[in-house]
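Participant: return atomic coordinates for the entry below.
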Amino acid sequence: MIWIKRFLMLALVALVVIQFIPVDKNEEGYESLAPFLQETKPTEEVAAILKSACYDCHSNQTTYPWYSNLAPVSFYLEDHIKDGKRHLNFSEWEQYSVKRKDHKLDELIEEIERKSMPLESYTLIHTEAKLDAAQTEALINWAKTARINYSGAALPQ
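Facilitator: Predicted coordinates for the structure are as follows:
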C-alpha cells in the first residue's frame, strides 16, 4: 500500500513539474493568410468555414482554448498542430509551387469528401467545426473552382 502512495505522490510531483515546460504557441495573426485568401478567393461562407474548421491546425494562427496551458494537453496540442501544418499550412501558401497548390487543394477535396477532416478528435470539443452537408458542398465547390488557377483546366460549360 505504501508503494501506491509513493507512486501517486511522484506522479503528482511530475505533473506539477511538467507545467513549467514551455511549448511554442502558434499565433502569428490573420495577416499571414492574406496571400491564400487573395489567390483562392473564398466566399464569406467558405472563409468562415475555413476559420472555424481548418485554421487552428493548418495555419500560423491557432486560437487556443483555456486548457491548452495545461500539460500534458499542451504537448499534445503542439504536436497535433505541427503535424497539421506539415501537411498543409495556409499561412505559407505563397511559398508553395503552383503544382503543390493544386495538389493541396485536391487533397483538401479528398479529405472533406471522405469526412477525414476536420478530425473527429477536434470536432468533439470544437462543435462549430463540424461540417453539415451544405458546408461540405460549399467547401468542395470552392476548392474545385480555386484549383482551376493552378491546374490550367477550363471551367465546365
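Participant: what helix or strand does Ala11 sit in?
Facilitator: According to DSSP states H and E, Ala11 maps onto helix 2-18.
Participant: what's the distance between that helix and the middle of its chain?
Facilitator: Relative to its chain's centre, helix 2-18 lies at 34 Å (C-alpha atoms, centre = their mean, to the nearest Å).
Participant: just the CA atoms of it, as CSV, please.
Facilitator: The C-alpha coordinates for helix 2-18 follow below in CSV (Å, rounded to 0.1, in the frame of the first residue of the first chain):
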residue,chain,number,x,y,z
ILE,A,2,2.9,2.4,0.7
TRP,A,3,4.2,1.9,-2.8
ILE,A,4,0.9,3.1,-4.2
LYS,A,5,1.1,6.3,-2.1
ARG,A,6,4.7,6.9,-3.2
PHE,A,7,3.7,6.3,-6.8
LEU,A,8,0.8,8.8,-6.6
MET,A,9,2.9,11.4,-4.9
LEU,A,10,5.6,11.0,-7.5
ALA,A,11,3.0,11.3,-10.3
LEU,A,12,1.6,14.4,-8.7
VAL,A,13,5.1,16.0,-8.4
ALA,A,14,5.8,15.1,-12.1
LEU,A,15,2.5,16.6,-13.2
VAL,A,16,3.3,19.9,-11.4
VAL,A,17,6.9,20.0,-12.7
ILE,A,18,5.8,19.5,-16.4
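Participant: may I ask you to name the longest helix in this structure?
Facilitator: helix 133-151 (DSSP state H).
Participant: just the buried residues of that helix, please?
Facilitator: Buried residues in helix 133-151, counted by 16 or more other C-beta atoms under 10 Å: Gln135, Ala138, Leu139, Ile140, Trp142, Ala143, Lys144, Thr145, Ala146, Arg147, Tyr150, Ser151. Glycine gets a C-beta too; all of them are placed from N, C-alpha and C.
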